[in-house]
Structure formats: C-alpha cells, structure tokens
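[1] Mind looking at a prediction? Sequence and model below.
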Amino acid sequence: MLGVVDVEAREVEEVFSEPVVRGAVGTPFCAGINRSRVGFSLCDIFPTEVSAAAPKGDGPDLSANVPDGRGSFPHNMAADPPKGGGPDIDGNSAEMSVESTFKLLNFNPRGLRENQAQVDALVESIGRPQIVGITETWHERTNAKISGHHRVSQLDRRKALRGDRGGIALFARDGFEQSVVHIADSKVDERSWHIVHADSGPILLCLWYRPPNVGEIDSVRRFEEELAEYSRHAVAVVAMGDFNVHNIEWLRHSNRNSAEGKLLEQVCCTNGLRQIVSEPTRGAHLLDLVLTDMASGVRSRVIPGIHDDDHKAVLSTVKLAIPSSEPVQRMVYDFKKAKWAELRQLLLNTDWRETLHLEPNAAADAMVNKLLDHVHQCIPTRWITDKIWAHPWLNSACKEALLRKRAAFGTADFPRARDECSRAFMDAYHAYVSKTREELKNLSPSSRGWWRLSGTLLAKAGTKEAIPPLQRDDETWALTPLEKAAELARVFRCSGLSTS
C-alpha cells in the first residue's frame with residue numbers, strides 16, 4: 001500500500017506540472033491512472049448567434065437555440081409555470097444555492113418512426129425527462145421527433161449497408177431546449193457532442209451509437225480524441241448510447257472479452273470515466289452504457305423498453321449541488337502557547353475522589369467539566385471562521401452570473417446570460433486549477449499541507465469520496481464504494497492487518 005501512496009503522490013504532482021488539467025465538477029480529478037492528462041484545442045462552445053448551435057454533421061439544419069423567448073429550465077412552461085422571485089432548475093423559487101437536477105433517457109427503439117406511438121408513450125410514462133437520446137432512429141433525410149420535445153441534433157447513419165438503419169438524435173423537453181447546445185458531430189462515427197448549460201456549470205454530453213462490429217477499435221480511439229477536444233470548456237462529462245462492446249471483467253454482463261471492450265475500459269480509466277449502468281439492457285448483455293467522470297452526481301437505472309425481446313431503456317438522473325452555507329465559527333486551542341507544566345500541576349492537585357459517589361453519567365460529566373476548566377486556564381483559545389463550499393472555486397462572479405441568468409429566464413436575452421454564466425464558472429474553475437498548481441509546487445510532498453490539498457483534489461462532485469479508484473492484482477478496477485471496501489479488506493488481510 002505504501003507503494004501505491006508513493007505512486008499517487010507522483011501522479012498528483014505530475015498532473016499539476018502540465019499546462020492544462022480538467023476534472024469533474026468542483027475539483028480536478030487526479031486519481032491515479034483515472035486522471036485526465038490531455039491537452040485541448042480551442043473550441044467555441046458559447047455561440048453568440050442562436051444559429052451557431054445548429055448541427056455541423058450530415059443531418060438537416062436543426063437550431064438548438066430557437067429565439068422564441070422561452071426559458072431553458074427543465075420544466076414545461078405551460079404545465080408548470082415558475083413560482084416565486086426566480087426559477088431554480090425546476091422552475092421554482094430558490095435560495096442562493098447552486099443546484100442542477102435533470103434526467104437523461106438513453107434508448108434504442110430500433111426505428112423511431114416505426115415505433116413513434118410506443119416511444120411517445122414511454123417518454124410520457126416516465127415523466128418526460130429533460131433530455132432524450134435515441135440511437136438507431138432508422139431515419140434518413142427525414143426529421144426525427146418526439147412529442148413534447150425539441151430536436152436538438154440529428155445524425156443519420158454513415159457507411160451502412162442500409163441507409164434506413166442506425167442514426168442518432170438528441171431531444172430536449174420543451175422549455176429546456178435553450179440549455180442544450182449541439183456543438184459537433186464526429187466526422188466518421190455516429191456520435192454527437194452537446195453542452196448542457198446547467199446551474200452548476202457546463203456539462204459535456206455525448207450520444208453515441210457504435211455498430212456491433214467485432215474487433216473494430218478505431219471508433220473508440222476517435223472517441224477519446226474528441227473527448228479531449230470538446231471537454232476543455234466543461235466541468236463534467238456524460239457519455240451515453242448503444243456502445244455494443246463486451247468486457248466480462250468490466251461490464252460483467254458480457255459474453256466475451258472483445259478488443260473494443262478492453263480498449264474502451266482503458267480509455268475510461270485514463271480519462272477518469274466510470275460506467276454506471278449495472279444491469280443487462282438487451283437480453284443477458286449490457287450494451288447501453290452511461291460513462292461519466294462525476295463520482296456521485298449521476299445515477300442510472302434500467303427500465304422496460306417498448307419491446308419485450310429488444311433493448312431496454314436507461315434512465316439517468318444528474319444531480320449536482322453546491323450548497324449555500326453561512327460562515328461557521330468555531331473555537332480552537334492554541335497549543336503552541338499552552339502552559340503544560342501549570343496544567344500538569346493543576347491536574348495533580350485536583351481531588352478527583354469527590355466525584356466517585358455520583359452516578360456514572362454525572363460523575364463523567366463532572367470530571368470532564370473540571371478537566372476543561374483546567375485546560376481553559378492553561379491553554380489559550382481563538383476563534384476561526386470556516387466557509388464551507390462543496391466546490392472551492394465558486395466565487396462571487398459565479399453567483400452574480402447565475403443570478404443574471406435566472407433573471408433572464410423566459411426572455412430573449414437568456415442565451416447571452418446562459419453563456420455568460422457558463423464562462424464565469426469556467427473562468428473560476430481554471431483560476432482555481434492554476435492557483436492549486438502553484439500551491440502544490442511550493443509544498444513538499446511529505447508535508448501535511450500537501451496531502452491535505454491533494455486530498456481535496458481527489459474528491460469528486462456530489463457526495464465526497466475520499467478513496468480513488470483502486471486497481472486490483474488482475475488489473476481490473478474497484479470503482480464503487482463496495483468494491484473499494486472489498487479490495488481494501490483483501491489487501492489488509494494479505495498484509496496481516498485487521499480491518500476490525
């Protein structure tokens with residue numbers, strides 16, 4: 001285990017010696033091999049014109065930002081009008097906490113037009129999620145549609161024997177479409193990239209249909225290249241779709257270990273992505289995946305599809321929060337100025353026997369109070385103020401930009417305020433990365449401050465997870481809390497240490 005710690009220390013130091021570091025929401029991710037160590041080319045994901053959000057691939061011109069004056073929060077304006085002084089992510093009044101909660105549906109109906117009524121019924125039955133990603137639309141030069149949703153992007157199948165098979169399309173629920181911007185399509189594969197302008201910062205969203213071509217790995221390599229290019233201006237990544245890969249050690253619900261499955265696992269480990277779908281999605285196999293670099297902000301579950309003998313759907317909930325908090329004051333002892341000799345003498349001169357006739361609880365309280373009285377006499381105290389934020393880079397500029405974005409809700413000025421808000425979050429995030437890089441350079445890796453700072457970098461968005469992914473002896477990865485606990489218990493047993 002000491003060797004692992006030494007390697008981890010070198011990894012954190014090495015990552016922060018590089019010019020560009022990207023991690024999940026809140027902090028850069030530096031968990032061993034699961035770190036992000038890639039350079040990014042410039043890419044303008046904040047178009048100044050609403051038409052700039054139109055797809056750039058083979059599909060028709062589908063503007064993601066229709067200037068109709070509607071807002072872009074995930075609720076139906078007609079059915080759920082905003083209440084209060086300003087809308088939160090669900091359109092309701094909110095305190096000055098930063099929270100983003102929305103749902104993603106990932107589904108392969110094997111023909112959208114042929115199953116239009118069933119797909120509409122499925123989407124309606126699960127509460128009309130804010131974002132719906134469809135793989136294998138089977139559309140060619142015709143517009144895909146889902147009732148109550150705005151088509152953000154559409155890409156027809158490429159290099160197929162039958163042009164009416166395959167294809168992908170992403171939809172945003174009416175009222176949410178201005179928060180989802182289509183930024184690019186893969187030049188070769190059926191894969192599209194989008195930015196979700198969430199209140200917690202911009203999130204990169206990828207939709208991918210990979211045909212079941214055994215041994216084909218070039219598309220996986222291109223996926224990693226595109227991820228490096230488009231994730232520069234995002235604080236988190238979610239990739240979903242029908243990946244059609246098999247990897248028994250990683251996905252479990254697979255019939256073999258394929259080259260494309262092994263490579264995708266390697267790409268995920270290198271870029272800090274984890275796969276969060278845990279059940280089969282077609283027959284006994286897990287083919288429809290959700291990959292993300294958020295530790296606890298995304299949860300997925302498999303739900304019935306429209307055909308009993310075909311693909312099931314995957315419903316994911318993204319919930320990120322930066323809780324509002326007031327500064328917390330607490331009293332601490334200044335041990336450097338303690339009068340230890342005087343305290344020792346006071347304790348020796350105290351008659352502790354007078355508490356022995358009391359009831360056990362009363363005796364314990366009396367002894368503690370007397371002990372604290374002596375401590376206060378000999379050890380000076382001072383007050384310190386802690387300002388607790390889940391994300392240390394949140395500053396006043398972020399909060400002010402978010403307020404302006406919310407104030408512009410439902411107006412024609414919303415796209416500008418939305419992009420300004422995302423820029424403010426990214427500026428604060430990169431400033432935090434630069435500041436932390438310099439602090440790490442000036443600290444000794446053996447110092448307490450270095451480890452405290454690097455420990456904050458290993459924490460992810462949402463619920464904090466202090467333990468990074470652990471690689472087992474067979475080179476598989478322990479990613480979930482249960483897997484990490486089992487692996488640590490195994491190591492302790494092999495080392496002769498007890499976990500009890």
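    Looks like it arrived, so ask away. All values reported here derive from a predicted model rather than from experimental measurement.
[2] State the paired neighbours of the helix or strand hosting H150 in the sheet, together with their directions.
    Using DSSP states H and E, H150 sits in strand 149-155. Sheet pairing of strand 149-155 (DSSP bridges) gives strand 168-173 (antiparallel).
[3] starting at the chain centroid, how far to the partner strand?
    20 Å (C-alpha atoms, centre = their mean, to the nearest Å).
[4] List the buried residues of it.
    Using 16 or more other C-beta atoms under 10 Å as the test for burial, strand 168-173 gives 168-173. Where C-beta positions appear, they are placed from N, C-alpha and C, glycine not excepted.
[5] what angle do the helix or strand following it and strand 149-155 make?
    Next along the chain after strand 168-173, taking DSSP H and E as the criterion, comes strand 180-185. Here the directions of strand 180-185 and strand 149-155 differ by 10 degrees (axes from the mean of the first three to the mean of the last three C-alpha atoms, to 10 degrees).
[6] Could I get the CA-only coordinates of strand 180-185 as CSV?
    Taking C-alpha atoms only, strand 180-185 is exported to CSV below (Å, rounded to 0.1, in the frame of the first residue of the first chain):
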residue,chain,number,x,y,z
VAL,A,180,-28.7,22.2,-24.6
VAL,A,181,-26.4,23.3,-27.4
HIS,A,182,-25.2,21.0,-30.1
ILE,A,183,-21.5,21.7,-30.7
ALA,A,184,-20.3,19.0,-33.1
ASP,A,185,-20.7,15.6,-34.7
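[7] Leaving out chain neighbours, which residue sits closest to R418?
    H197 (4.8 Å; C-beta to C-beta, 6 or more residues apart in numbering).
[8] I should have written A431 there, sorry.
    Nearest residue to A431 in three dimensions, chain neighbours excluded: W393, at 6.9 Å (C-beta to C-beta, 6+ apart).
[9] what's the burial count for that neighbour?
    Using other C-beta atoms under 10 Å, W393 has 23 neighbouring residues.
[10] if I look at it, how far off is V433?
    8 Å (C-beta to C-beta, to the nearest Å).
[11] next one: G175
    Distance from G175 to V433, by C-beta to C-beta: 34 Å.
[12] next one: A284
    In terms of C-beta to C-beta, A284 sits 43 Å off from V433.
[13] So those two - more neighbours on which side?
    Neighbour comparison, A284 and V433: the larger count goes to V433, with 19 against 8 (by other C-beta under 10 Å).
[14] Confirm that that one sits in a helix.
    Yes: according to DSSP: H, G, I helix; E, B strand; the rest coil, the state of V433 is that of a helix.
[15] State the pLDDT value of it.
    V433 is assigned a pLDDT of 78 by the prediction.
[16] For the helix or strand hosting E420, buried residues please.
    Using DSSP H and E, E420 sits in helix 414-441. For helix 414-441, the neighbour count (16+ other C-beta under 10 Å) marks 414-426, 428-430, 432-433, 436-437, 440 as buried.
[17] Distance from the chain centre to that helix, please.
    Centre-to-centre, helix 414-441 and its host chain are 16 Å apart (C-alpha atoms, centre = their mean).
[18] repeat for stretch 295-309
    With C-alpha atoms, centre = their mean, you get 17 Å for stretch 295-309.
[19] what's the answer for stretch 437-445, then?
    Going by C-alpha atoms, centre = their mean, where stretch 437-445 is centred and where its chain is centred differ by 26 Å.
[20] send the alpha carbons of that stretch over as PDB?
    Extracted in PDB, the C-alpha atoms of stretch 437-445 (Å, rounded to 0.1, in the frame of the first residue of the first chain):
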ATOM      1  CA  ARG A 437      -0.900  24.000  -9.200                       C
ATOM      2  CA  GLU A 438       1.300  26.800  -7.800                       C
ATOM      3  CA  GLU A 439       0.500  25.800  -4.200                       C
ATOM      4  CA  LEU A 440       1.400  22.200  -4.800                       C
ATOM      5  CA  LYS A 441       4.700  23.200  -6.400                       C
ATOM      6  CA  ASN A 442       5.600  25.200  -3.300                       C
ATOM      7  CA  LEU A 443       4.800  22.400  -0.900                       C
ATOM      8  CA  SER A 444       6.900  19.400   0.000                       C
ATOM      9  CA  PRO A 445       5.100  16.100  -1.000                       C
END
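[21] Show me the helices in the protein, by range?
    2-15, 116-125, 218-230, 248-251, 259-270, 340-349, 360-378, 396-407, 414-441, 448-457, 481-494 (DSSP state H).
[22] Now the fifth one: average pLDDT?
    Average pLDDT, helix 259-270: 94.
[23] distance of the closest residue to W340 other than its chain neighbours from L343?
    Of all residues beyond its chain neighbours, the one nearest W340 is C378 (7.4 Å), with distances taken as C-beta to C-beta, 6+ apart. From C378 over to L343 the distance is 4 Å, taken as C-beta to C-beta.
[24] For the nearest residue to A401 once chain neighbours are set aside, which residues are in contact?
    Nearest-residue entry for A401: A424, 3.8 Å, with adjacent residues in sequence omitted and distances by C-beta to C-beta, 6+ apart. The contact partners of A424, taken as C-beta atoms under 8 Å, 6 or more residues apart in numbering, are 397-398, 400-402.
[25] Quick check on these: which are buried?
    Buried among the contacts of A424 by 16+ other C-beta under 10 Å: 398, 401-402.
[26] Out of these, which comes closest to A236?
    C398 (15.3 Å; C-beta to C-beta).
[27] pretty sure the closest one contacts S422?
    No: in this structure, C398 is not within contact of S422 by C-beta atoms under 8 Å, at 10.1 Å.
[28] tell me, how many neighbours does the nearest residue to R330 once chain neighbours are set aside end up with?
    With sequence-adjacent residues excluded and distances taken as C-beta to C-beta, 6+ apart, R330 is closest to I384, at 6.3 Å. Around I384 there are 9 other residues, counting by other C-beta under 10 Å.
[29] Now do the contacts for I384.
    329-330, 332.
[30] what about it, distance to S434?
    From I384 to S434 the distance is 26 Å (C-beta to C-beta).
[31] next one: L347
    50 Å.
[32] Over to R274?
    Counting by C-beta to C-beta - R274 and S434 are separated by 27 Å.
[33] follow-up on the earlier one: possible to save the contacts of A424 as a markdown table with distance to S446 and pLDDT?
    Formatted as a markdown table, the contacts of A424 follow (distance: C-beta to C-beta, whole Å; pLDDT from 0 to 100):
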| residue | distance to S446 | pLDDT |
| --- | --- | --- |
| A397 | 36 | 87 |
| C398 | 34 | 85 |
| E400 | 40 | 88 |
| A401 | 40 | 89 |
| L402 | 40 | 85 |
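[34] and which of those is nearest to E124?
    L402 (31.4 Å).
[35] ok, for the closest one, nearest residue in space, not its chain neighbours?
    C421 (5.6 Å).
[36] Enumerate every residue touching that neighbour.
    197, 199, 398, 401-402, 404-405.
[37] what stretches of the protein score poorly on pLDDT?
    Applying pLDDT under 70 to the chain flags the ranges 1-99, 140-141, 158-165, 321-327, 386-392, 454-469, 475, 495-500.
[38] Verify the contact between the residue nearest to A431 and S434 for me.
    No: at 10.5 Å, W393 and S434 do not qualify as touching, with contact defined as C-beta under 8 Å.
[39] Would you map out the domains in this structure?
    44-322, 328-386 (automatic domain parsing).
[40] Which of the ones you listed sits closest to G410?
    Between these, domain 44-322 lies closest to G410; by C-beta to C-beta that is 4.2 Å.
[41] tell me how far that closest one is from the chain's mean position?
    14 Å.
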